[in-house]
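**Q** here is my input, please return the structure:
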Amino acid sequence: MGGHSYTPYATLDDEAIVRNSITYKSVSKSFNLSSLKCAYLFSTNPDYLDRIRGAGQHQEGMHTLGIIAAQTAYNECEDWLDQLVDYIDGTQELVESFVRSRVPHVRVVKPEGTYLAWLDVGDAIDRSGVRDGADALDEDTPEARFQRYLLEHAHIHINPGTSYGTSGSGCMRMNIATSRQLVERALGNMAGALAGV
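**A** From the prediction side, this is the model:
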């Protein structure tokens, strides 16, 4: 996003740290080409690469269409990607501003990158009553119940943060890779659903 830069791990100055790493890359997220299954990895540590091959976890299943699409994305689509990043950056600003001013009991901090907005909904979960009656043995988390609450009351579907690990407790993940009009409509629906809690 604007004002931030990406530093690839493999470009760090400390060679020992770099040799203790494996970098996985693809055009999947940036160029929306995940269905083409064209990812790759590299490392300056041949032992690590041998261990990956030996474990059978790395499958060499690239196909021609995926390779050509990846080459085209990297070689010919920088202008498109720059425009996309600018648009998503503006959408992240919209989310931050809208939530701050109009969505009660929810907080968000604009991320340094990505088309995902992480919403802190801990207070909204408490106020909506979905935490009430939670059983310690219940695998249905408050975030999953809040997801259903938003589906029923706001007609939006966003992901429970706990789906991505315990650090996602009290959070929801909102994919904003769409038009700003749809994002604003979803946020408006959320604001309406939370106005009375």
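**Q** domain ranges for this structure, per the record?
**A** The chain breaks down into these domains under automatic domain parsing: 9-76, 79-194.
**Q** among those domains, which is nearest G2?
**A** Of all those, domain 79-194 sits nearest to G2, with 5.0 Å by CB to CB. (Glycine included, C-beta is placed from N, CA and C.)
**Q** could you tell me the end-to-end distance of that closest one?
**A** End-to-end distance for domain 79-194, by CA to CA, to the nearest Å: 40 Å.
**Q** and what of stretch 107-124?
**A** Stretch 107-124 end-to-end distance (CA to CA) = 10 Å.
**Q** picking up where we left off before, of the domains of the chain, which is nearest G3?
**A** Once those are compared by CB to CB, domain 79-194 is nearest, at 8.4 Å.
**Q** tell me the average confidence for the closest one?
**A** On average, the pLDDT along domain 79-194 is 92.
**Q** nearest residue to the middle of the chain?
**A** L116 (4.1 Å; CA atoms, centre = their mean).
**Q** buried set for the helix or strand containing L65?
**A** Assigned by DSSP states H and E, L65 belongs to helix 64-76. Using 16 or more other CB atoms under 10 Å as the test for burial, helix 64-76 gives G66, A69, A70, A73.
**Q** so what pLDDT did the closest residue to the first one other than its chain neighbours get?
**A** Ranked by CB to CB, 6 or more residues apart in numbering and with sequence neighbours excluded, the top spatial neighbour of G66 is C38, at 3.2 Å. Reading off the confidence values, C38 has pLDDT 84.
**Q** what is whichever helix in the chain runs longest packed up against?
**A** Assignment by DSSP state H gives helix 78-102 as the longest helix of the chain. Contacts defined by 3 or more CB pairs under 8 Å, 6 or more residues apart in numbering; DSSP states H and E place helix 78-102 against strand 107-108, strand 116-120, helix 180-194.
**Q** quick check: buried residues in the last one?
**A** What that stands for is helix 180-194. V183, A186, L187, M190, A191, A193, L194.
**Q** for R145, see how far away the fourth one is.
**A** Same thing as M190. Noted for M190: a distance of 16 Å to R145, by CB to CB, to the nearest Å.
**Q** same question for the fifth one.
**A** Relative to R145, A191 is positioned 20 Å away (CB to CB).
**Q** buried stuff in stretch 22-34?
**A** So stretch 22-34, judged by 16+ other CB under 10 Å, has buried residues I22, S26, V27, S28, F31, L33.
**Q** who's in contact with it?
**A** Stretch 22-34 is contacted by residues 8-10, 36, 38-43, 45, 48-49, 52, 66, 69-70, 73-74, 77, 81, 84 when judged by CB atoms under 8 Å, 6 or more residues apart in numbering.
**Q** and what of stretch 141-153?
**A** Contacts for stretch 141-153 (CB under 8 Å, 6+ apart): 121, 124-125, 128, 130-131, 134, 156-163, 168-172, 190, 193.
**Q** so which of those residues are in helices?
**A** Short answer: the contacts of stretch 141-153 in helices (DSSP H) are A124, I125, S128, M190, A193.
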